Structure formats: C-alpha cells, structure tokens
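J.: Need coordinates for the below:
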Amino acid sequence: MKKCLLLVSTLAITLLSAQNNDALKREFEKQNTENSKKFDSYVAKHYGSNRSPEVLKEIAEKRENLAGFFRNKPYFYKADDQNQISNNNVDALTTAGGVSGLTGAFNGEGILYTIFDGGRIYAAHEAFNNTSGRISNKETATNVYSGHATGVASIIGAKSSPLTATGGGTTISGNAMGIALNSTMDSYRFANTILPGNTAVSNVYQKILIAQPKISNHSYGNNAGWDVATVSGENAWVWNGDYYPATATEPSESFDFQGTYFPNDQNYDNIVYSNPTNVIVKSAGNYFGFGPTYPGTENFPKYYQNENGALVQFTTTDVLPTTNCGNGGDCIGPGSLAKNIIVVGATNIITTNSHRYTASTDVVRSGYSSAGPRDDGGIKPDISAPGTDIWMASTEEDTIGSTDWQIDSGTSMSAPQVTGIIGLWMQIYKSMFNNADMNAAAAKTLMAHSASEAGTVGPDAWYGWGFINAKKGAELLVGKSNNTILFNDETLTSGTSNQKTLIASGTEPLKVTISWIDPAYVIPDNLTYDDVYNNRSSRLINDLDLRIVDTETNVVYQPWKLNPLNPTAAATKGDNTVDNIEQVVIDTPVAGRSYRIEISNKGTLKNSSGANAPQNYSIIATGYTQEVLATGETVKDSGIIVAPTITKDLVKVLKAPAKSTFNVYDLTGKKLQSGVINGDTSVDLSTYVKGIYIIEVKSGNNVITKKVIKE
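T.: Take a look at the predicted model:
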C-alpha cells in the first residue's frame, strides 16, 4: 500500500487545561493561518493566472467555506426539514399538563439557541413575529440571508404557521410550527468571515468560543466520499477521497475519510471539554448510497482529484471506489464524528396512529441519511429524528430577504428538532433545579436513556440510540426532581470504583446509562493514508466501564457495543472501549433482588493536558424501587420533602413527622451529620465541599433518603 504522507490541515492541540479557552483561541488562530497558506498554494496550482470575475467569485466562495485539507486538497462545508411535533411528542412539553408532574407549558422561554449555518437568518420573517427581537444576526449585513438557515431556525422555533401547497394537482396541508416558539436565537455563518468589530477572519470554532452557546445547531458538514457536482456544465460524480491509478507494478488504490476522526472532530471535542455546558448538535449528512451505482446516474462522468486538486476523469478500465455506505454504514464525514457532540440522523415522518410512535417498526431511516459507526466502532449518529418532507420557512438569498415557505428534506431538518427538544429539557431543568445548567454529558445521557427504540435492539449505525422522545426525557427530569429515578452528575477517581446497589422493581427493565465529556483525541503529525483509512484504534482517552452485578448470582451484565466491520449487525454486549457513553440493560430483572452498579476505569484518567485527573460523568438509572445505602439500609419514598435539591448552604426537611431524625452521608456512605426534626428543620451543608450528598430521614420503621447537590 502506498505510504503517502497526509498533511493534517490543523495543528495538534496538546496542552489545554479544562477551562482554557484562551489557549483554544490561539490554536484556532494558528489553524486559520496554516489553512490560509495552504489555500493560497492550492489557488496558485489549481487556477494558475486565471483571475476572471467568475474565477475570483469561485475562489472567494471556496475560501469562505474552507473546512480543511486532505493532504494538499481542500474540502469544504456544505449545508446538510406539523407532523414531526407529534412524532417526537414535543406537544406534551408545550401543552400544560402534558407531562405528569410538570406545571405549565414549556415553549423555550429564557432559552437562547445559537445557529451556525450557511448565511443569516431572515429575522423579519413572519415565522418569528410572535415576539419582537427573537432573532439576532451576529454577522455583518453584507452577508446574505439564507433560506437554509431561516428554515433551520423555523424548525427550532417558528410560531404556529398553517400552510398548504399544491403540486401535480394535489393539495397538501401542514404546519411549519417549531418546537420552542418563545425562544430566542443568535445567527452565525459557519463560513470563515470577519465578525462586526473585528479585523481578522474567524472560523466556526472561533465563533463558537465567542458565542459561548448553551445549545447550538450545526446543520452542515462535508462529504468525504462520492458527491454530485457540476463539471463542464453537466452533472458528474466526483470522488472526494484520494485515488491512485494502477501502474505496471501496483493495482489502483482509493482512500476516503468517511468514518475518520479528524482535526475538525478534535476541535469540537476540545471546545466541549473546555466548556462542559455547551451542547453541540450536528447533522449526520445526506450521502448514503452516493456513487456511480446510484439509480439514474449511470451515464454521469466520474472524476477524482489529483494532488493539485484538479479533476481527472476515471478511465473505463479504472476500478472505481466503492459507493458511500455500500456495506450499510461508514459514510459519516469528519466533523460529525466527535465524541462530545450529538450527531443526528434522519427518518421519514411517522404517518400512522395519528403520527405517534407506537413501535420500533414505525421508524424508517430516510434513504439519504448517512450512517456510522465511526471507524473505531464509536456510535454515530447518536440519535435520529424526522427529516423528510418537513415544512419550514425560507427566504430569498440576498441582503434584502423575503417571507417564503418550503418543504424540504435532509439531516439538516432532523438536527434542529433534536436541538429544539434539548433546549426545552434545559428549560425544564432550570425550572426544577434552581436555574442550573444541564451540561453536555447530562444532555446526552438523558437523550439516550429516553430514546424510543428504532432499528435493531439497542444502539445501531442508522439510528444511534433510537428515535428522540421529548416526553420521556421530560418524565425523567420529573423523576430526578422527586427522587424516583437516579439522575446525577458524579465524579470517578482513577482506580476507585463507584458503586451503588438498587432493588429492582421487576415491572420494567433495569436500565443504567452513563456519559462523560472525554478529552479530545490528539491527531498525530505526519500521518499517511494507511494510518487513518478505516483505523480501528479507539479514540477514547478515558475509558470508563459500566457494569451491573446480580448480587445473588454474581452474573455481570455488560454494555452495548457496535462492530465497525459489520455496521448493520445488531449491537452486542461486552466490553465497550470506544464510546464515551455506555448503557447496560437487564430486560427481566428479578423483582426485589439487589443489583450492584459499578463504574470503574481502565488505565489512568487524564485531563486534556495529559495530567492525571478525575473524570466527571452523568448517570441515569431506572427500573428500581429502592436504593441500598452503604449503611445497608434501603431507601423508601414518602411525602417528606427535602428542598431545594441544589444549594450552596441550607436545605429544609418538610412534612416529616415530629421527632423524626436525620443523617447526612457523602456518596461513600460516611455519616457527616445527625439531628432531630422538629417542624420544618434546616440542614446546613455550607461547610462541605461541592458534591452530592444523601439526606436520610427516619420516622419509626420508615426510612427515606433524598439526594442534594452542594454547589
């Protein structure tokens, strides 16, 4: 195999502290400088002295949308659409009384979404005029409005907008209403532009650091395999990987970066690790099945790019690269394979049962939706949502804008649905937990644990953890607030196992999910194509292990994992060494039996600078009736209230019988404080370090516990 040097387009980031955005900004500036030099060299080789107006326009557009380089060849960003509201059960959140335990309706009040897209959102569109000032454009007014960006924004938060459309003599009706219609949105381009007040060009990573979003949508990516392009005025297939024609001594070879964790993914992972409350949602791409065998395209000419980026037509004797996802998976491009972001695949709208999900067979992958997993077997996409035939707002793509509407399809349309839903979960979380932010690990844990089954049992390469379920996620938040489920942010110390014992209800599966924000995998220098093409080495830095142990039989239950060599195979259970999210499910636990949850790690836990450090993670457990404390006593629920659940100093014990007693424990079971309850009693936690504590209340033979977070 040819050992061709692969010059990575961005500089390795090796010395970053967990909260050092200044270091990230400096590295992204270096990346801009490096990419700019490479692009200038590419222009000189590719265009020569031709500087016609058409060529200058093409060069300017390519410079703006430059995403990086495969060796010396540039690759570019490109944009990747009220039935979906019912499919996702969003209306349960936006309607008062739709979720038991929630009062009022949640429509995105107080939630700011940040949208990175191909152009500016048309803020004057009637889709957003239910409240003034909903859209804030952060780019200069010389940037054109984008129909794609405006549509994405409308999926997240358009007001109720009933529409009809006629085509082929058929009239159809729909509603372009979004998910969070009282939210606000900031609009940035993903292109390399100069922001107002700045003199230097900012790339999308720098813009994320400037925006500091709590929840952001990124419906764009790049196609690292076969793509359709216009060449010499006609449709053609262009291979975006690398190709080496056969020689007298060697056969032809092709390489691609589909499934490859690359510098763009490293950048996203670094950003989230340094900013753990930033939830980044990204589209999976629309390239499944692309290639010369795509129906109706057999007469398209076929090209690859040589080392200078010039197109060369394949000969009739050349062995063509394989079709994207020809094995059923492995066609998600770099930048949508990061560990710490949420990547979304697209499904068809559910049209049966009043557009409601009833079974996994209701969910059908949209034929274009790119599939995973990552080359090391990491689960991508993370989740799926409706993406085909979505009603959305649109606009003329100029600096004036207009109120238009359209029906569109793509993972660009499924991603903002997930973004919108997570924003509503954030709003609920804030309302329940003293205005606290839900971090990226908790958001992913909640998303996976609440997902409706789709495809094969467990996660898979088409749907990720399943089909997004807004209502179930909200129900889990209610369960967290009343302590009927386990949903915590916890910390693992290297070499020390965290354990907790639960008594199974037996009426539903015992299910535990953990997720953590992993340090970025550092892309080595001086790579060859052989080093990166279908490389199966794990991209994890900290490998946490989740297990459930039957305390009577000592049977150990392990998490799901995928096989990158067989993407369409059902998930199996075993030691997962590639995902920073793990889930263990016991389908039929024995009622009343104790099961021990164990969270441990391999090797030594590190932070982003490579120093030894503990690892934070989020955990959700359901399907149990009681928790057994380290003291050996069980937890039973009652009407006793401990509030607030997040505090800096005092919590109150309310509605406890007179002469009840209380104890305060840390998570190791160590007793820290005791007292007698007379009326409404305050418990002072002000002298304790930040963390999770258990307040136990005893009344006669009844023992209950409540968890509180000390900030």
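
J.: Does anything pack onto the host helix or strand of A385? Which helices or strands?
T.: Using DSSP states H and E, the element containing A385 is strand 383-386. With contacts defined as 3 or more C-beta pairs under 8 Å, 6 or more residues apart in numbering; DSSP states H and E, strand 383-386 has these neighbours: helix 83-87, strand 342-347, helix 411-432. (C-beta placed from N, C-alpha, C; glycine too.)

J.: As JSON lines, these with distance to K573, mean neighbour count and mean pLDDT would be great.
T.: Below are these laid out as JSON lines (distance: least, C-beta to C-beta, whole Å; neighbours: other C-beta atoms under 10 Å; pLDDT from 0 to 100):
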{"stretch": "helix 83-87", "distance to K573": "29", "mean neighbour count": "22", "mean pLDDT": "77"}
{"stretch": "strand 342-347", "distance to K573": "23", "mean neighbour count": "30", "mean pLDDT": "98"}
{"stretch": "helix 411-432", "distance to K573": "26", "mean neighbour count": "27", "mean pLDDT": "96"}
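
J.: Out of those, which is closest to S609?
T.: Nearest to S609, of all the helices and strands packed on strand 383-386, is strand 342-347, at 25.4 Å by C-beta to C-beta.

J.: Identify the residues contacting D408.
T.: D81, G151, D389, I390, M392 (C-beta atoms under 8 Å, 6 or more residues apart in numbering).

J.: Could you identify the most distant pair in these?
T.: G151 and D389 (12.9 Å).

J.: Among the two, which residue is more densely surrounded?
T.: G151 (35 against 17; other C-beta atoms under 10 Å).

J.: could you list every residue that touches the more buried one?
T.: D81, M392, A393, S394, Q406, D408, S412, M413.

J.: do the same with C331
T.: G225, Q258, G259, G285, Y287, F288, F290, N324, C325, S370, A371.

J.: Quick one: neighbours of the fourth one, just the number.
T.: For G285, the number of neighbouring residues by other C-beta under 10 Å comes to 33.

J.: any chance you could map the helices in the stretch 501-650 of the chain?
T.: 529-532 (DSSP state H, counting those that start in this stretch).

J.: no, scratch that, I was asking about the stretch 301-450 of the chain
T.: Assigned by DSSP H, counting those that start in this stretch, the stretch 301-450 of the chain shows helices spanning 411-432, 440-450.

J.: Against which helices or strands is the last one packed?
T.: In this structure, helix 440-450 packs against strand 279-283, strand 342-347, helix 411-432, helix 470-481, strand 486-492, strand 510-515, strand 581-586, strand 615-622, with contacts taken as 3+ C-beta pairs under 8 Å, 6+ apart.

J.: can you do 7 Å?
T.: Packing partners of helix 440-450 (3 or more C-beta pairs under 7 Å, 6 or more residues apart in numbering; DSSP states H and E): helix 411-432, helix 470-481, strand 510-515, strand 581-586, strand 615-622.

J.: before we move on, what about the first one?
T.: Helix 411-432 makes packing contacts with helix 147-157, strand 215-218, strand 279-283, strand 342-347, strand 383-386, helix 440-450, helix 470-481 when contacts are defined by 3+ C-beta pairs under 7 Å, 6+ apart.

J.: can I get these in TSV with distance to S600?
T.: What follows is the helices and strands packed on helix 411-432, written out as TSV (distance: least, C-beta to C-beta, whole Å):
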stretch	distance to S600
helix 147-157	39
strand 215-218	31
strand 279-283	27
strand 342-347	26
strand 383-386	27
helix 440-450	17
helix 470-481	24
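
J.: Let me have the helices of the stretch 301-450 of the chain in a markdown table, extended by distance to A96.
T.: Converted to a markdown table, those look like this (distance: least, C-beta to C-beta, whole Å):
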| stretch | distance to A96 |
| --- | --- |
| helix 411-432 | 13 |
| helix 440-450 | 21 |
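
J.: quick one, domains of this protein?
T.: Domain segmentation of the chain under automatic domain parsing yields 225-257+290-323, 636-711.

J.: Out of these, flag the one nearest K444.
T.: Checking the domains of the chain against K444 by C-beta to C-beta gives domain 636-711 as the closest, at 19.2 Å.

J.: What is the distance between the closest one and the centre of its chain?
T.: For domain 636-711, the separation from the chain centroid amounts to 35 Å (computed by C-alpha atoms, centre = their mean, to the nearest Å).

J.: Pick out the residue closest to the middle of this structure.
T.: Centre of the chain computed as the mean C-alpha position; nearest residue by C-alpha atoms, centre = their mean is I342, 0.6 Å away.

J.: how close does it get to A658?
T.: To A658, I342 is 49 Å away according to C-beta to C-beta, to the nearest Å.

J.: what's the answer for V238, then?
T.: 78 Å.

J.: Likewise for T456?
T.: According to C-beta to C-beta, T456 and A658 sit 55 Å apart.

J.: What of I121?
T.: 59 Å.

J.: Just want to know which of these two has more residues nearby.
T.: I121 (31 against 9).

J.: thinking that one is in contact with A153, fair?
T.: Yes: I121 is within contact range of A153, at 4.6 Å (criterion: C-beta atoms under 7 Å).

J.: Please identify every residue contacting each of the two.
T.: I115, I135, M185 (C-beta atoms under 7 Å, 6 or more residues apart in numbering).

J.: who wins for most neighbours among those residues?
T.: Highest neighbour count within the shared contacts of I121 and A153, by other C-beta under 10 Å: I115, with 29 neighbours.

J.: List the beta-bridge partners for that one.
T.: Beta-bridge partners for I115, by DSSP bridges, are S187, N217.

J.: How about the contacts made by it?
T.: Here I115 is in contact with I121, A149, V152, A153, M185, S187, N217 (C-beta under 7 Å, 6+ apart).

J.: Redo those as JSON lines? Include pLDDT.
T.: Shown next, in JSON lines, are those (pLDDT from 0 to 100):
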{"residue": "I121", "pLDDT": "98"}
{"residue": "A149", "pLDDT": "97"}
{"residue": "V152", "pLDDT": "97"}
{"residue": "A153", "pLDDT": "98"}
{"residue": "M185", "pLDDT": "98"}
{"residue": "S187", "pLDDT": "98"}
{"residue": "N217", "pLDDT": "98"}
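
J.: ok, of those, which one's closest to P564?
T.: N217 (27.6 Å).

J.: how deep is the closest one tucked in, by neighbour count?
T.: Neighbourhood size, N217 [other C-beta under 10 Å]: 32.

J.: one step back: out of the domains of the chain, which gets the lowest mean score?
T.: Lowest mean pLDDT within the domains of the chain: domain 636-711, a mean of 80.

J.: Can you give me the neighbour number for the residue nearest to N612 when sequence neighbours are not counted?
T.: For N612, ignoring the flanking residues on the chain, the nearest one in space by C-beta to C-beta, 6 or more residues apart in numbering is T604 at 5.8 Å. Residues near T604, counting by other C-beta under 10 Å, number 10.
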